[in-house]
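>>> sharing a sequence plus its predicted fold:
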Amino acid sequence: MDRIYNGMRATDLGTEGWFKPWSGGNGGNCVEARRLPDGRVALRQSADPDGPALICTPGEITAFIDGAKAGQADFLLS
């Protein structure tokens, strides 16, 4: 795999290893995640698997998940 970067086509990261940890009851519109070999995490929109991927460092994904658990992202729901 060549250089991995934000905005690259998610399918260029491969088709195996994508998970839908946040799916459920939303009509199939899910965020999919895949752990990359170097420890980063790729995110993509399940409805557009050929679309761009967001690449997060381990620290970024940890901060996001910890913040969401602490309610820091609740403003996104209202």
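All right, it came through fine.
>>> contacts and neighbour counts: CA atoms only from here.
Noted.
>>> in contact with N6, which residues?
By CA atoms under 8 Å, 6 or more residues apart in numbering, the contact set of N6 is 52-55.
>>> nearest to L13, of the residues you listed?
Nearest to L13 among the contacts of N6 is A53, at 8.8 Å by CA to CA.
>>> residue contacts, the closest one?
A53 neighbours (CA under 8 Å, 6+ apart): 6-10, 42-44.
>>> ok, and the most crowded of the contacts of N6?
Counting neighbours by other CA atoms under 10 Å, A53 leads these with 25 neighbours.
>>> can you map out the helices along the chain?
58-69 (DSSP state H).
>>> taking the centroid of it, which residue is nearest it?
Taking CA atoms, centre = their mean, the centroid of the chain lies closest to L43, which sits 1.9 Å from it.
>>> still on that earlier bit, strands - which of the contacts of A53 land there?
Residues of the contacts of A53 located in strands (DSSP state E): 42-44.
>>> can you give me the neighbour number for P58?
Around P58 there are 14 residues (other CA under 10 Å).
>>> test my guess that it contacts D38.
No - using CA atoms under 8 Å, P58 makes no contact with D38, being 9.5 Å away.
>>> follow-up on the earlier one: can you select the buried ones from the contacts of A53 in ChimeraX?
Written as a ChimeraX command, the selection of buried residues from the contacts of A53, which uses 16 or more other CA atoms under 10 Å, is:
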select :8,9,10,42,43,44
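>>> so can I have CSV of the contacts of A53 showing pLDDT?
CSV is the format used below for the contacts of A53 (pLDDT from 0 to 100):
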residue, pLDDT
N6, 96
G7, 96
M8, 97
R9, 96
A10, 96
A42, 97
L43, 96
R44, 95
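>>> out of the contacts of A53, the closest to Q72 would be?
Of all these, Q72 sits closest to L43, with 19.8 Å by CA to CA.
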